[in-house]
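Asker: need a structure here:
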Amino acid sequence: MAVEPDTHKQNPHQPHTVAIAGGGGGVGKSSIALNLGLTLARQGKRVLLLDGDTGPASLVGRLGREPEKDLEGVFEGQYDLEEVLLTTDYDLQILPGAGALCRCLEAQSASALHVLEAMAALERTFDYVIVDTGSDMDLAGLHMVASAALACLVVTPDPESLKRTFSLIRRLNRRGYRRTPSVVVNMAPGASLAQSVFQRLDSAVGRHLGNSLHYLGAVCRDETLRQSAVTGVPVATLPVSDPSCRQFHILADMLGVRLSRLPAEKTGVAGYWQTVIRRRQKAVRQNRDEYGDLPRSDEARLSVAIDELEAVLGPIRDPMLRYEAFNRLFALLGSKLDADAVEFIQTGLAAMPWETLPAGDRNHLAAHLRHLADQVVAPAAESSDREPAFPEPPQPLFDRISLSEQERLVRALREQPADISIDRLLRALASQTPSRS
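Answerer: This is a model prediction of the structure:
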């Protein structure tokens, strides 16, 4: 499934949904989610926080509490959704264990949909639903980001944080996410440096991914914030005159302006997961209707798998499915890149409809093929000790290819001029294919 919300008609009772995410741990994502939620609640908004983290890093753990019940227990049928909710200052509601949403795909569809229906009804009683996505940005984490109308990415001035956030945006794009994320710069020494950090990230995203970002604001580092992490008292509970507290009020105001300029929301977080489950159910039913039980022989199972892949990649054109399928396919081929695998790749290249591709795409692919040769045999003089400057441009995944009989392919790629046509390039590759007796 693509990590892109569906396009059903807007429900006028849907709350604003915001996902607070980061490229990794240690950027202060959960702290911002908690303080922003408390600030909005203090301003009179009804706010629900979905806590995607667990243990001491969770929102509840930061408040010095340990929940006895969480959402995972609701999916397992141990207790009702209302029993899980925790109430804190300013009537802010927290739902612990929201990371279980990612595991609802593994549960029985009927029971999962029942819980999600109850959760959707709960969401409609709030003005804001804020999702703390957790630290792991795997496929489930990307779904957590896509479940909200607005993704708010937290970065710090640390170059490593910028790299991880750049990587997160790239992965979202590859899986069909087309919304413009907002950025909050955390732990900045000052407002001017925070804007400079954002501009570096925005410039890199525009240059390498063709996207743009939105600057939501900054949370500047000060002693009060540092003490808050030790005492467990959120700065949003301090007097509004306190500088640390006041900057979250500014951030909340900027968030309201940003959300007012976005298209009306169609579904909430639970509605997104309902759509994901129903799409999966539909795909399973279609496969069963067409193929019935899977045949037992390897040859027959492979034939059925190829037919299913053609059905998915043909008319459906789901970006995430296409990405995952090709990623796993080439991982299998690349596990042992011998002469057979090289021939498979050559045959695949020859089967592509080159004449229908735009000129820019043909040139781009030719450049990647030439880059393949450089990655297969890297110059011995290069050193990997030097850290590349941020941001690293997206690199093709050819750097783990082992050396064996593919040297013919390497030579064929390197011998071609930069302006070679695709037709001539393919003929040159084919001429390097080992003959079969």
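Asker: Return the backbone torsion pair for A21.
Answerer: Backbone torsions for A21, taken as degrees, to the nearest 10, come to phi -140, psi 170.
Asker: So what would you say the end-to-end distance of stretch 68-84 is?
Answerer: 8 Å (Cα to Cα, to the nearest Å).
Asker: Report the buried residues of it.
Answerer: K69, D70, L71, E72, G73, V74, F75, L81, V84 (16 or more other Cβ atoms under 10 Å). Using the backbone N, CA and C atoms, a C-beta is placed for each residue, glycine as well.
Asker: again, but for stretch 216-235
Answerer: Across stretch 216-235, burial judged by 16+ other Cβ under 10 Å covers L216, G217, A218, V219, C220, R221, L225, S228, V233, P234, V235.
Asker: Please identify which pair of those residues lies farthest apart.
Answerer: L216 and V233 (24.4 Å; Cβ to Cβ).
Asker: In the stretch 151-300 of the chain, where is pLDDT below threshold?
Answerer: 283-300 (pLDDT under 70).
Asker: Also the stretch 301-437 of the chain?
Answerer: Using pLDDT under 70, the flagged stretches of the stretch 301-437 of the chain are 301-357, 360-416, 418-437.
Asker: Can I get the buried residues of stretch 68-84 in TSV including secondary structure and distance to P96?
Answerer: Converted to TSV, the buried residues of stretch 68-84 look like this (DSSP: H, G, I helix; E, B strand; the rest coil; distance: Cβ to Cβ, whole Å):
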residue	secondary structure	distance to P96
K69	coil	7
D70	coil	4
L71	helix	7
E72	helix	9
G73	helix	10
V74	helix	10
F75	helix	13
L81	helix	12
V84	helix	6
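Asker: now the residues you listed in TSV, with distance to R46 and pLDDT?
Answerer: As requested, those are exported to TSV (distance: Cβ to Cβ, whole Å; pLDDT from 0 to 100):
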residue	distance to R46	pLDDT
K69	22	87
D70	21	88
L71	19	90
E72	25	87
G73	24	89
V74	21	90
F75	24	87
L81	16	92
V84	17	92
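Asker: Pipe those into a markdown table and attach distance to K163 per row.
Answerer: Shown next, in a markdown table, are the buried residues of stretch 68-84 (distance: Cβ to Cβ, whole Å):
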| residue | distance to K163 |
| --- | --- |
| K69 | 38 |
| D70 | 32 |
| L71 | 32 |
| E72 | 32 |
| G73 | 37 |
| V74 | 37 |
| F75 | 35 |
| L81 | 38 |
| V84 | 36 |
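Asker: Tell me the buried residues in stretch 122-139?
Answerer: Neighbour-count burial for stretch 122-139 [16+ other Cβ under 10 Å]: L122, E123, F126, Y128, V129, I130, V131, D132, T133, G134, S135, M137.
Asker: Mark which of these are part of strands, please.
Answerer: Assigned to strands by DSSP state E, the following of those qualify: Y128, V129, I130, V131, D132.
Asker: out of those residues, who's nearest A112?
Answerer: V131 (17.8 Å).
Asker: all helices for the stretch 51-200 of the chain, in order.
Answerer: Secondary structure of the stretch 51-200 of the chain, counting by DSSP state H, counting those that start in this stretch: helices at 59-62, 71-75, 81-84, 109-123, 139-146, 159-174, 191-209.
Asker: Ok, which of these comes nearest L48?
Answerer: Across the helices of the stretch 51-200 of the chain, closest to L48 is helix 109-123 (Cβ to Cβ), at 6.7 Å.
Asker: average pLDDT for that closest one?
Answerer: Averaged across helix 109-123, the pLDDT comes to 88.
Asker: what sits up against that helix?
Answerer: 14-15, 17, 48, 74-75, 77, 80-82, 104-105, 129, 267-271, 273-274, 277-278, 280-281 (Cβ atoms under 8 Å, 6 or more residues apart in numbering).
Asker: Extract the C-alpha set from stretch 111-122 and format it as PDB.
Answerer: The C-alpha trace of stretch 111-122 is given here as PDB (Å, rounded to 0.1, in the frame of the first residue of the first chain):
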ATOM      1  CA  SER A 111     -11.400  -7.300  15.200                       C
ATOM      2  CA  ALA A 112      -8.900  -4.700  14.100                       C
ATOM      3  CA  LEU A 113     -11.600  -2.800  12.100                       C
ATOM      4  CA  HIS A 114     -13.900  -2.900  15.200                       C
ATOM      5  CA  VAL A 115     -11.200  -1.300  17.300                       C
ATOM      6  CA  LEU A 116     -10.400   1.300  14.600                       C
ATOM      7  CA  GLU A 117     -14.100   2.200  14.300                       C
ATOM      8  CA  ALA A 118     -14.100   2.900  18.000                       C
ATOM      9  CA  MET A 119     -11.000   4.900  17.700                       C
ATOM     10  CA  ALA A 120     -12.400   6.900  14.800                       C
ATOM     11  CA  ALA A 121     -15.400   7.800  16.900                       C
ATOM     12  CA  LEU A 122     -13.100   8.900  19.700                       C
END
